[in-house]
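>>> when you get a sec, could you give me coordinates for this:
(chains A and B)
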Amino acid sequence: MTVKELAEKCNFKTAALPDGSREIDGCYIGDLLSWVMGRAEADCVWITIMSNLNIIAVASLADVACIVLSESVTVEDSIVKLAEEKGVNVLLSDKKTYETAVDVYKTI
Amino acid sequence: MKELSLNILDIAMNSVKANAGTITVSLAETPESFEIRIADDGCGMKRDFLETVTDPFSTTRTTRKVGMGIPFLKLAAEQTGGSFSIESKHESEYPDSHGTVTRAVFNKNSIDFTPLGDIVSTVTTLIQGSPGIRWIFKHSMPKGEVSLDTAELKEILGDVPLDNTEVILWIKGYLEEAYSEIL
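Below you'll find the model as predicted:
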């Protein structure tokens, strides 16, 4: 399953999709960035409600396949631009984190 | 980070890496606010680098392209409605007064305020890890102050190194006792 396919199947909007053909393996949920940085596994889908600049760096360090911002969280244009520059996929979900995770679970 | 003491450890390690001779960790607490100030006399940062340190994609590390200590502390302070600042003088421009001061102010009443955590372990870990540095630690609270200056310890200890296990245990006990008196 690629990030682009996940976005289509789960009805996630795409904020940034510089690497839509990236393959997904697993999922991690967390909002405390330092915690996520050490625990999210490479190639996973990372669901969070945090939307500041630092998430792009954490996603890049942990090498996740994509970030999914749940709970209708929005993201600033400057962060979208940075995500594209750094090759980080950012998707948007208007569902709650739990429901977003269930959708991801059923899809991947 | 789950505890501010881990943020403090991270920032103080930047001072160690900057070859500081003296590092001062000051915590100032009122019923409403919590301030962390870490000052060193290390090599400092050049102006163009200083402007990029809060950017998570800049770092002094070569093993990865981003360094997160400063961005995390800034985020932790700002998410409580507090503030963050960093000032630095590079040794090339200020040969006699170089160094860096990092300051973060937290609103303690914010629900997103991270607890300080095990500061005694942080302080002892820093001293044990870099016993050659003069460490000054101060924590002022409404009821009193905890303070430690390794230069004073060295005067008493003479040739006994600061990273001696018994010295470290003594420092730990001293700090714990000082805290128990003002908490």
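
>>> hey, which helix or strand in chain B has the poorest pLDDT?
In chain B, no helix or strand scores lower on mean pLDDT, DSSP states H and E than helix B:47-50, which sits at a mean of 90.

>>> which residues touch that helix?
By CB atoms under 8 Å, 6 or more residues apart in numbering or on different chains, the surrounding residues in contact with helix B:47-50 are B:58, B:86, B:88, B:90. All C-beta atoms are positioned from the backbone trio N, CA, C, and that covers glycine.

>>> report the contact partners of residue A:68.
A:12, A:45, A:46, A:47, A:48, A:91, A:92, A:93, A:100, A:104.

>>> with residue A:67 instead?
Taking CB under 8 Å, 6+ apart as the criterion, residue A:67 is in contact with A:46, A:47, A:48, A:55, A:56, A:59, A:83, A:88, A:89, A:90, A:91.

>>> quick one on the thing from earlier: now render the contacts of residue A:68 as JSON lines, adding secondary structure, distance to chain B and neighbour count.
Shown next, in JSON lines, are those (DSSP: H, G, I helix; E, B strand; the rest coil; distance: CB to the nearest CB, whole Å; neighbours: other CB atoms under 10 Å in any protein chain shown):
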{"residue": "A:12", "secondary structure": "coil", "distance to chain B": "24", "neighbour count": "25"}
{"residue": "A:45", "secondary structure": "strand", "distance to chain B": "21", "neighbour count": "29"}
{"residue": "A:46", "secondary structure": "strand", "distance to chain B": "15", "neighbour count": "23"}
{"residue": "A:47", "secondary structure": "strand", "distance to chain B": "19", "neighbour count": "24"}
{"residue": "A:48", "secondary structure": "strand", "distance to chain B": "13", "neighbour count": "23"}
{"residue": "A:91", "secondary structure": "strand", "distance to chain B": "20", "neighbour count": "25"}
{"residue": "A:92", "secondary structure": "strand", "distance to chain B": "21", "neighbour count": "21"}
{"residue": "A:93", "secondary structure": "coil", "distance to chain B": "22", "neighbour count": "23"}
{"residue": "A:100", "secondary structure": "helix", "distance to chain B": "22", "neighbour count": "24"}
{"residue": "A:104", "secondary structure": "helix", "distance to chain B": "25", "neighbour count": "25"}
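
>>> include pLDDT when you put these into JSON lines, please.
JSON lines is the format used below for the contacts of residue A:68 (pLDDT from 0 to 100):
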{"residue": "A:12", "pLDDT": "98"}
{"residue": "A:45", "pLDDT": "98"}
{"residue": "A:46", "pLDDT": "98"}
{"residue": "A:47", "pLDDT": "98"}
{"residue": "A:48", "pLDDT": "98"}
{"residue": "A:91", "pLDDT": "98"}
{"residue": "A:92", "pLDDT": "98"}
{"residue": "A:93", "pLDDT": "98"}
{"residue": "A:100", "pLDDT": "98"}
{"residue": "A:104", "pLDDT": "98"}
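
>>> export these to a markdown table and tack on distance to residue A:75?
A markdown table is the format used below for the contacts of residue A:68 (distance: CB to CB, whole Å):
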| residue | distance to residue A:75 |
| --- | --- |
| A:12 | 13 |
| A:45 | 16 |
| A:46 | 14 |
| A:47 | 14 |
| A:48 | 11 |
| A:91 | 10 |
| A:92 | 7 |
| A:93 | 12 |
| A:100 | 15 |
| A:104 | 18 |
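
>>> pick out whichever of the residues you listed sits closest to residue B:30.
Comparing the contacts of residue A:68 against residue B:30 with CB to CB places residue A:48 closest, at 32.5 Å.

>>> OK, contacts around the residue nearest to that closest one when sequence neighbours are not counted?
For residue A:48, ignoring the flanking residues on the chain, the nearest one in space by CB to CB, 6 or more residues apart in numbering or on different chains is residue A:31 at 5.3 Å. If a contact means CB under 8 Å, 6+ apart, then residue A:31 has A:48, A:49, A:50 as its contacts.

>>> confirm the last one sits in a helix?
Okay, so that is residue A:50. No: counting by DSSP: H, G, I helix; E, B strand; the rest coil, residue A:50 falls outside a helix, being coil.

>>> thought it was touching residue A:33?
Yes: in this structure, residue A:50 is within contact of residue A:33 by CB atoms under 8 Å, at 6.5 Å.

>>> could I get the pLDDT score of the residue in chain A that chain B sits nearest to?
Of all residues in chain A, residue A:57 sits closest to chain B, at 3.3 Å by CB to the nearest CB. As predicted, residue A:57 sits at a pLDDT of 92.

>>> I am finished for the moment; much appreciated.
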